[in-house]
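everything below, folded, please.
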Amino acid sequence: MEEGSAYEALNFARLENIPVLFVYENNFYSTEMPTYRNYMEMDNYKKIVKSLNIKYKKIDGNNVADTYLQSGEVIKYIRKNLKPCFIEFITYRWLENCGPYYDYEQKKNYRKKEEIEHWKKACPVKNFKNFLTSCGLIKNVILIEKKIISKINNDYLKSIKSKFPKINDLYKNIK
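Predicted structure coming up:
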């Protein structure tokens, strides 16, 4: 949302009534800068999007069921009205912007371990799994997980055993 191209894409989609869904993952950080410490703090995404006459929806991105249901409503709106829509998902990223590490481990000191631990409690996967357990549906989840893990392992083994493609095959099946 900090780039002019984001505004330009929103504006163009509305001017041309392009049925597109814009998704903004608001994780409170812009690379390594908390959004509350820079000029984006002043921006009201809802106000910007609505000024372009685009439907705006803010959703708790850590709530799986709510995300599914509300996203479905927005998609129905897009298909029915052939207009763009914008969803702002409120969520959090646990790891650094680019890489497999926690920010506090890299001596960058712009996030505290306690902040990350707080947000881990809102883990959408863990919380939805707990919800399914409370509803008695966890057996289905465990079966699905086992199938997924088996498929990943089988595909990985297949890829390891596969030969590298020939250079002549580089442009096959490309339209």
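
can we go C-alpha only for contacts and neighbour counts from here?
Fine.

need the residues that contact the longest helix seen in the chain.
When the chain is parsed with DSSP state H, its longest helix is helix 138-161. Outside helix 138-161, the residues within contact range by C-alpha atoms under 8 Å, 6 or more residues apart in numbering are 129, 132.

from here on, call the first residue 9.
Sure thing, new numbering starts at 9, so read that last one as helix 146-169.

which secondary element of the chain has the worst mean pLDDT?
strand 41-42 (a mean of 58; mean pLDDT, DSSP states H and E).

what's the following helix or strand after that strand?
Once strand 41-42 ends, the next helix or strand along the chain (criterion: DSSP states H and E) is helix 53-59.

returning to that earlier point: quick check: buried residues in the longest helix of the chain?
Using 16 or more other C-alpha atoms under 10 Å as the test for burial, helix 146-169 gives no buried residues.

domains of this protein?
9-99, 131-170 (automatic domain parsing).

go through the ones you listed and name the closest to Lys121.
domain 9-99 (14.7 Å; C-alpha to C-alpha).

can you tell me the centre-most residue of the protein?
What sits nearest the mean C-alpha location of the chain, by C-alpha atoms, centre = their mean, is Glu33, with 5.5 Å.

just checking, that one is part of a strand?
Yes: counting by DSSP: H, G, I helix; E, B strand; the rest coil, Glu33 is found in a strand.

that one contacts Asn70, correct?
No: the criterion here is C-alpha atoms under 8 Å, and Glu33 misses it with Asn70 at 10.9 Å.

got any residues that touch both of those two?
By C-alpha under 8 Å, 6+ apart, Glu33 and Asn70 have these common neighbours: 98-99.

below-threshold pLDDT in this protein: ranges please.
Under the criterion pLDDT under 70, the flagged ranges of the chain are 9, 38-51, 112-117, 183.

who wins for proximity to Tyr118 among the domains of the chain?
Using C-alpha to C-alpha as the measure, domain 9-99 is the one of the domains of the chain that comes nearest Tyr118, at 7.0 Å.

so how far is the closest one off the chain centroid?
Per C-alpha atoms, centre = their mean, to the nearest Å, the displacement of domain 9-99 from the mean C-alpha position of its chain is 12 Å.

do the same with stretch 127-138
Taking C-alpha atoms, centre = their mean, one finds the center of stretch 127-138 at 15 Å from the center of the full chain.
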